[in-house]
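*Asks:* Here is the input, now give the coordinates:
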Amino acid sequence: MHPFGCRHPLSCLPTTLALLAALGSGAAAQQAGGDALTDAPGALVLGQHAVTRVLPGTPTSEEPADGNGVPVEYVFEGIGTGDILGDIFTDAAFTLRLTANTGDIQVVSASVSTVIGPTSIDIEGVGSADILVPTRVFVNTLFSAVGLGNAEPLGGLDYVNLVEPEFADYSLDQAIGPIFEDDPQATHQFNQVPTTLGTLNLQDIESVTFEAVLPECFLVFGQGLGAAAFAPAGFAFDTGLADVSAFHAVLMDDIPSFSLPEDIAALGASVGGTPTTVAGPGSVADLAGPDGLFFAQVMMWNPVEVPDAPEQYSGVLACWLDLSGILHARPLETGSIDLSAAVGVDADGAPVVSFPFAIPGF
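*Replies:* Numbers count the residues shown, from 1 in each chain. Prediction:
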């Protein structure tokens with residue numbers, strides 16, 4: 001059933017155009033196979049009419065969106081019957097997992113947002129595979145819908161849609177779920193999908209849950225003390241820094257390291273601009289000002305594991321390099337998260353610094 005209650009998408013065209021006119025939306029794009037111009041769940045949002053902006057609270061830069069937000073994982077779990085390369089499976093548990101970055105979210109209209117990323121599928125008794133066509137997750141708040149579909153410019157049909165009241169005010173840069181849908185929509189279109197295991201048909205789908213998983217902890221850097229707001233993933237932190245010049249999503253057992261410059265004269269060369277993350281190891285030269293001084297802080301938002309105290313902070317850690325290139329660190333205050341600096345060497349024997357942290361109870 002089409003979201004407008006039409007069995008054939010072409011028959012929805014007059015209704016759809018009337019709705020678009022009423023909404024004043026220019027976000028429609030035509031799908032292959034006669035799917036109507038529509039702002040409903042499944043609207044292809046990558047056409048020339050798409051209006052793209054970065055979500056409020058998402059750091060921006062002059063570079064493409066890649067890496068300027070935070071990692072996000074959208075997970076659809078359910079029960080399905082179908083076949084892959086001719087091998088039939090029945091009532092098998094499956095997991096669809098699309099990975100993306102919140103900095104790549106595209107806002108198409110007042111009700112529709114989407115983000116593109118690679119999708120993998122794991123089917124019980126069959127195995128795991130990567131889907132070989134571009135894929136997208138979207139939200140349409142007008143219809144309280146979230147879905148996964150094909151992101152090709154032509155033929156970008158939905159694969160599975162969930163319609164639940166929790167999605168009426170949902171934004172793709174927020175963690176949510178699991179949200180359960182007993183009778184998902186658009187599943188008849190989940191066929192002839194190329195994967196690394198062969199062509200997948202997954203048409204009989206039921207009992208689906210959707211969950212969006214975002215980082216809980218962030219390591220942030222700045223060059224002064226203050227009270228700058230930092231909102232990387234749908235939640236605003238009040239930092240102890242005057243600015244946030246760089247940040248990383250971190251875990252207690254997964255933290256980045258930063259190379260130490262040999263000469264303090266190299267500091268400050270890349271300082272300034274808007275917040276950005278560094279893909280892979282970075283350098284203290286990207287963090288410190290010309291005087292060798294910078295500040296670090298860790299913060300967490302985890303209402304699931306710590307409902308009584310979901311928002312937690314470390315104290316600000318002041319760090320500076322002296323003229324001989326030695327790094328010093330001193331906590332300026334205490335917090336519920338313990339943060340320190342640790343100097344070591346990388347695989348090539350070059351000196352690096354990392355910022356381990358510990359959260360009591362974890």
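*Asks:* give me the low-pLDDT residue ranges for this structure?
*Replies:* Low-confidence segments of the chain (pLDDT under 70): 1-68, 154-155, 233-234, 262-282, 285-286, 290.
*Asks:* And it, what are its domain boundaries?
*Replies:* Dividing the chain into domains by automatic domain parsing, as the record does, gives the ranges 56-213, 217-358.
*Asks:* out of those, deepest packed?
*Replies:* Ranked by mean neighbour count, those are led by domain 56-213 with a mean of 19 (mean count of other CB atoms under 10 Å). Backbone N, C-alpha and C define where each C-beta goes, glycine included.
*Asks:* where does it sit relative to the chain's centre, distance-wise?
*Replies:* Computed by CA atoms, centre = their mean, to the nearest Å, the separation of domain 56-213 from the middle of its chain amounts to 13 Å.
*Asks:* Please name the residues that touch the most centrally placed residue in the chain.
*Replies:* Nearest residue to the geometric centre of the chain (CA atoms, centre = their mean): Val72, 2.7 Å. Taking CB atoms under 8 Å, 6 or more residues apart in numbering, we find Val72 in contact with 99-102, 115, 172-173, 212-214, 233.
*Asks:* Against Val345, how distant is it?
*Replies:* Look at Val72 and Val345: by CB to CB, to the nearest Å, they are 33 Å apart.
*Asks:* Please convert the contacts of Val72 to JSON lines, extending it with secondary structure and distance to Asp87.
*Replies:* Shown next, in JSON lines, are those (DSSP: H, G, I helix; E, B strand; the rest coil; distance: CB to CB, whole Å):
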{"residue": "Thr99", "secondary structure": "strand", "distance to Asp87": "26"}
{"residue": "Ala100", "secondary structure": "strand", "distance to Asp87": "30"}
{"residue": "Asn101", "secondary structure": "strand", "distance to Asp87": "34"}
{"residue": "Thr102", "secondary structure": "helix", "distance to Asp87": "37"}
{"residue": "Val115", "secondary structure": "strand", "distance to Asp87": "31"}
{"residue": "Leu172", "secondary structure": "coil", "distance to Asp87": "34"}
{"residue": "Asp173", "secondary structure": "coil", "distance to Asp87": "38"}
{"residue": "Ala212", "secondary structure": "strand", "distance to Asp87": "31"}
{"residue": "Val213", "secondary structure": "strand", "distance to Asp87": "30"}
{"residue": "Leu214", "secondary structure": "coil", "distance to Asp87": "35"}
{"residue": "Ala233", "secondary structure": "coil", "distance to Asp87": "39"}
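*Asks:* Who are the packing partners of the helix or strand where His328 lies?
*Replies:* In the assignment (DSSP states H and E), His328 maps to strand 327-331. Under the contact definition 3 or more CB pairs under 8 Å, 6 or more residues apart in numbering; DSSP states H and E, strand 327-331 sits against strand 317-321.
*Asks:* Am I right that Thr239 is in contact with Val298?
*Replies:* No - using CB atoms under 8 Å, Thr239 is not in contact with Val298, being 10.2 Å away.
*Asks:* Now do the strand holding His328 against strand 317-321: the angle between them, please.
*Replies:* For strand 327-331 against strand 317-321, the angle by axes from the mean of the first three to the mean of the last three CA atoms, to 10 degrees is 160 degrees.
*Asks:* what's in contact with strand 327-331?
*Replies:* 260, 284, 315-322, 339-341, 343, 353.
*Asks:* Find the nearest non-adjacent residue to Ala309, please.
*Replies:* Ser336 (7.2 Å; CB to CB, 6 or more residues apart in numbering).
*Asks:* ok, that neighbour - contacts?
*Replies:* Residues in contact with Ser336 (CB under 8 Å, 6+ apart) are 309, 312-314, 359-360.
*Asks:* How about Glu152?
*Replies:* If you count contacts by CB under 8 Å, 6+ apart, then Glu152 has 133-134 around it.
*Asks:* The stretch 51-200 of the chain: strands as residue ranges?
*Replies:* Using DSSP state E, counting those that start in this stretch, the strands of the stretch 51-200 of the chain run over residues 71-84, 87-101, 106-107, 112-117, 119-123, 127-130, 135-140, 145-150, 158-163, 176-181, 193-195, 198-213.
*Asks:* can you tell me which residues contact the closest residue to Leu293 other than its chain neighbours?
*Replies:* Of all residues not flanking Leu293 in the chain, Trp320 sits nearest, at 4.5 Å (CB to CB, 6+ apart). Taking CB under 8 Å, 6+ apart, we find Trp320 in contact with 288, 291-294, 327-328.
*Asks:* Quick check: the two most widely separated of those?
*Replies:* Asp291 and Leu327 (13.7 Å; CB to CB).
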